[in-house]
Each structure stands twice: as structure tokens, then as C-alpha cells.
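Visitor: whatever this is, show me its structure:
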Amino acid sequence: MSLKNWHLFIAIICLKCAFLPAQTSYQKIVNDFAKDSELKYASLSIALVDTKTGELLAQFDAQRSLSPASNLKLLTTASALAILSPDFQYKTELQYDGQISKEGVLSGNLYLKGYGDPSLGSPELEQSVPFAEIMERFRMAAQQQGIRRVEGYVVGDGSVFETTGTIPSWQWEDMGNYYGAGAWGLNLHDNLYYLHFRQSSQLGDTPSIDRLEPEVPGLEFYNELRSAAKGSGDNAYIFGSPYQFTNFIRGTIPVGDGLFTIKGAVPDPPLWVAQHLEHEFNTIGVQVQKGAISQFQLVQTGMKIPQRHTIYTHYSPNLSAIVRRTNMESVNLYCEAMLKTIGWQKDTEGSTQAGLEHQEKFWKEKGLSFDGCNLVDGSGLSEGDKVTSLFLARLLEKMTKQEAAVFQAFYASIPEAGRSGALKNRFKGTAAEGRLRAKSGTLENVRAFSGYIETKDGRLFAFSVIVNNYLISGGAMRQKLEELLVKWCQ
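Guide: Have a look, this model is predicted:
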């Protein structure tokens, strides 16, 4: 070997050695974590990737298929931004059929046609027009058209999506609660209601229902709730399902002398929207002769639907704002709606299955392998969802290669350690604060974190850590995961 080649050889060896300690330290942290005796019977999958080089810096069983819980929202929101664009807006149209007479009589039906907007009248999304105001806007649009009486129905039309609002594999104890609210073609108020209880001062007593807001006509409750110890928290569950108006309330809330509020899922959002719009008309004396009905119910009557005329269109906030709330607050409804919207926009089929197919096609064309994945929904609420940590880490890596506007909207939507979302009050004062962005995932016996780490030297790493079937408490498992992420950030 010539002297020149010898020096080149030595330089290459030194260059490799320069990177070796850092790489070894990341893997050593993973190895030490995996040896934890309290995880002996758990299933674990870890992947840490350099987003610039694509190098797998550390891993443990990175291709093992596990339940990701809400970490799956990263896939859905990334897909929605990349396929639909951050500036995408949903629309909701006020329409009518028939004729409007000079006296203001509509000899037909009035429709509120949705196109899947999950944020319509949201009580939580800051950019959304509030519930009462959006109803007023639709009512005023009808008045400005000269409508003073409706001889037909007020129809809530959610037909752009399938009638299956929820996912068949979701658990019954989830579907009646706000986080199990499904996604219809026409949604309102996050498809949730507030159920207020008057607390009891006696342990074991049944706290009485004080009121329901907004009103859900026809909804009935069998209240089997009990009063538990002070400070025991919200352990109440509403058992119901789509289109079912008889619900059971079980579990406990704390004793006390005030009001205690839980949130439930509206069983038929398109019908509910029509009912509230009819009520809005009634408040100003506009009579709706046949009352409120959903498009699905209208079709069942066999009525032939004539041509419609659109008189007002409402637009949602930009998709980037919807995605931000989705990941910051882990909103299942928004993810399910986005997935169906992908199917509708790409193939005019507003179904979960169509959304899943187009989502997979899009990412496969970008070189992302779906090996080891079984996807059932968009939110991760189904226990049937299975992915690998390597899949999620590679997805996050692929997102850094998308258009700047797409990646920036996605990155900004992920909770920042010590600063925002679910991580606002966590990681404070640690090496992770301000340098870690992560989506947490939680189901029974499932804990996960996936996101990005910005290193001290300016590199960006993508990671995913998923643990299933651990035997310690969920809080203890989360603490262990947080300690792992802090070590990676040091």
C-alpha cells in the first residue's frame, strides 16, 4: 500500500471512529432499556433513525408488529397533509329543493349537506365558528333567500361518507363516550354532548343527572353510576353505539357537593344537526312542517329527491389547524374523518377502507414499506391496528422529505416537550425540553411515543418506541419511556 493510500485508509478509519461513540451510546441506551427486569414479559419495539442519512442508529426488535394506540394518528395526519394539502378546507352547504313562493313558502326540503368537516361548530378548535353561531348563520342564509315556511323536511345530509360512523372493532365501552364519537359526512360540535351530574355526599349513592347540553332529542339514560371517594376522578362510562338512543351510564365519579361533567358521543350526528337547525328556525317562527330527518332516513321513505340548489357554503379552518388539534389533543374523530376524506377526494368513496387503500398507495410510491402493518382505522383506537416501530420511524423520516409547507405543518402539530399539547407539563427541566416532539399513545397495556429529536449539533432524528403487554402500571411504564427519551436527548 502506498503512503498516500495508507493515509487515506487511516483517515477513513478515524472518520468512522468519530461517529462510533455516539452511535454506540444510542444503542447502549436501548439495550439497557430492553434488559429492564420489569419488562421481562412485555413486547417491545424501538427504532431511532437519522432523518438526513436514513441510518438506523438504534433498534430493538424494530420489525415486531405491535398495537400503536394513538401513535397511528401520525400516519393519518401526515397522509392528510401530504395528500390533501395544509390549505385544504372542508365545506358544508345549505341547499333546498322545490320552489320558493313569493310568500316565502318552500314547497320542498331544506338540506344541510356535509362533506366530512369534523370541526363544524367545534367547542375546542379555536379557529372554528362556535355551535350557536354556525346554526345562526345557516338560519340567516335561509331567511335571506326569502324562506319563511318549509313544507318538507329539514334534512341532515352526511351521505358523502358511509353510514358506519364508527369502526366495528371498537369496544362498546368506548363508542358511547366522546373519544369514541365516530365520523359522519355531517358532524357538529365534535359529535359530543356534556352530561352534568349533581354530585352526592354519600359513598355508593347514585348521583343524579342535572342536565344535558347541547340537547340530544330522544336520548335516554339508565343511570347506574355510583359515588366513589373524593379525588377518585372520572371513572364513568357511557355505554351506547351509533343510532342507539338508549344508553347506560356505569362506573363512578367522586363524592362532592357540586356539578361533575362527563362527555358522551352523539348517536346520529346528521339527524342531530337537522334537529338543531329546525329548532333554530322555530325560535324565529319559521315552521318546518315535516320536522327534522337525516338523508339516510329520507332515502328509506322512498321519496324521489329532485335537483337541489345551494344557497350558502360554509368553509372550515385550514387542514393544518385541524391536524394541529388532532395531534396536540389526540382527537380520534378528526383522524377518522380525515381518513374517509382521503377516500372521498381520491375516489369519491368516503369510507375507512378507501382511505386506508389510498393512504397505503401514496406512501408505497414514496418507498415506505407497510410490511408488518395491519391497519383498521385512522386513530389507533382499535386493538386490531398493528405497526412496527421501524414503520413509524421511516414514515417520520419520509415526512421530512415532503414539501416544506407539508412538513412544517406536520412538525408543528406534534406536542413539544415542556411546551405544548400532552407534553406541556412533562419533561420540564430535562434535556428533552424544547428539543423533543412526540405523540403519545395509550390503550390498555399499550404505551408508545413516536416523533422527533433535535440533537445538540442540529441533526434531526425520527423515533418510535412501542410497548405492549407490560405488567407494571401504565404510569410506571410511561415514566420508563420518558426516561429513555431524555437519555437520547442528552
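
Visitor: every contact and neighbour count from this point should use C-alpha atoms.
Guide: Will do.

Visitor: could you give the separation of stretch 290-297 from the chain centroid?
Guide: In terms of CA atoms, centre = their mean, to the nearest Å, the centre of stretch 290-297 is set 28 Å apart from its chain centre.

Visitor: pull the CA atoms of that stretch into PDB?
Guide: The C-alpha coordinates for stretch 290-297 follow below in PDB (Å, rounded to 0.1, in the frame of the first residue of the first chain):
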ATOM      1  CA  LYS A 290     -92.500  17.700   8.400                       C
ATOM      2  CA  GLY A 291     -89.700  18.200  11.000                       C
ATOM      3  CA  ALA A 292     -86.100  17.000  11.000                       C
ATOM      4  CA  ILE A 293     -84.700  13.900   9.400                       C
ATOM      5  CA  SER A 294     -81.400  12.500   8.100                       C
ATOM      6  CA  GLN A 295     -80.700  11.900   4.500                       C
ATOM      7  CA  PHE A 296     -80.400   8.200   5.300                       C
ATOM      8  CA  GLN A 297     -84.000   8.200   6.800                       C
END
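
Visitor: so what touches that stretch?
Guide: 151-159, 163, 270-271, 274-275, 278 (CA atoms under 8 Å, 6 or more residues apart in numbering).

Visitor: mind running it again at 10 Å?
Guide: Stretch 290-297 is contacted from outside by 109-113, 150-159, 163, 186, 268-279, 298, 300, using CA atoms under 10 Å, 6 or more residues apart in numbering.

Visitor: which ones among those residues map onto strands?
Guide: Counting by DSSP state E, these place 110-113, 150, 154-157 in strands.

Visitor: which one of these has the most neighbours?
Guide: Counting neighbours by other CA atoms under 10 Å, the top entry in the ones in strands among the contacts of stretch 290-297 is residue 156, with 32 neighbours.

Visitor: beta-bridge partners for that one, please?
Guide: Beta bridges link residue 156 to residue 112, residue 294 when assigned by DSSP bridges.

Visitor: quick one: neighbours of residue 55, just the number.
Guide: By the criterion of other CA under 10 Å, residue 55 has 11 neighbours.

Visitor: kindly report the same for residue 479.
Guide: Other residues lying near residue 479 total 12 when counted by other CA under 10 Å.

Visitor: that one and residue 387, how far apart?
Guide: Look at residue 479 and residue 387: by CA to CA, to the nearest Å, they are 22 Å apart.

Visitor: residue 200 now?
Guide: For residue 200, the distance to residue 387 (CA to CA) stands at 45 Å.

Visitor: which of those two has more residues huddled nearby?
Guide: Neighbour count, other CA under 10 Å: between residue 200 and residue 387, residue 387 has more, with 24 against 21.

Visitor: what's the closest non-adjacent residue to that one?
Guide: Nearest non-adjacent residue to residue 387, counting by CA to CA, 6 or more residues apart in numbering: residue 373, 4.4 Å away.

Visitor: how about residue 249?
Guide: Excluding the flanking residues, the one nearest residue 249 by CA to CA, 6+ apart is residue 238, at 4.6 Å.

Visitor: check residue 246 too.
Guide: residue 220 is the one closest to residue 246 (CA to CA, 6+ apart), at 4.9 Å.

Visitor: just residue 106 next, same as before
Guide: Distances taken as CA to CA, 6+ apart place residue 100 nearest to residue 106, at 4.4 Å, with adjacent residues excluded.

Visitor: residue 307 versus the one you found, what's the distance?
Guide: Distance of residue 100 to residue 307, given as CA to CA: 14 Å.

Visitor: compare these two (neighbour count), which wins?
Guide: Applying other CA under 10 Å to residue 100 and residue 307 shows that residue 100 carries more neighbours, namely 18 against 9.

Visitor: residue 150 versus the more buried one, what's the distance?
Guide: Using CA to CA, one gets 9 Å for the distance from residue 100 to residue 150.

Visitor: what do those two both touch?
Guide: Residues within reach of residue 100 and of residue 150 at once, by CA under 10 Å, 6+ apart, are 106-108.

Visitor: report the distance from stretch 351-368 to the chain centre.
Guide: Distance of stretch 351-368 from its chain centroid, counting by CA atoms, centre = their mean, is 18 Å.

Visitor: please point out which parts of it sit buried.
Guide: Applying a neighbour-count criterion of 16 or more other CA atoms under 10 Å, one finds 351-356, 358-360, 363, 368 buried in stretch 351-368.

Visitor: cool, and stretch 173-186?
Guide: 174-186.

Visitor: how about those in TSV, adding secondary structure, distance to residue 246 and pLDDT?
Guide: Output for these, formatted as TSV (DSSP: H, G, I helix; E, B strand; the rest coil; distance: CA to CA, whole Å; pLDDT from 0 to 100):
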residue	secondary structure	distance to residue 246	pLDDT
174	helix	15	96
175	helix	13	95
176	coil	10	97
177	strand	13	97
178	helix	16	97
179	helix	18	97
180	helix	16	97
181	coil	16	96
182	coil	17	93
183	coil	20	98
184	coil	20	98
185	coil	23	98
186	coil	22	98
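
Visitor: neighbours of residue 405, just the number please.
Guide: Counted with other CA under 10 Å, residues neighbouring residue 405 total 15.

Visitor: now stretch 370-377 - C-alpha only, CSV.
Guide: Extracted in CSV, the C-alpha atoms of stretch 370-377 (Å, rounded to 0.1, in the frame of the first residue of the first chain):
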residue,chain,number,x,y,z
PHE,A,370,-46.0,-1.5,5.0
ASP,A,371,-44.6,-4.9,6.0
GLY,A,372,-45.8,-5.9,9.4
CYS,A,373,-48.7,-3.4,9.4
ASN,A,374,-52.4,-4.2,9.8
LEU,A,375,-54.5,-1.0,9.7
VAL,A,376,-58.1,-0.9,10.8
ASP,A,377,-58.8,2.8,11.5
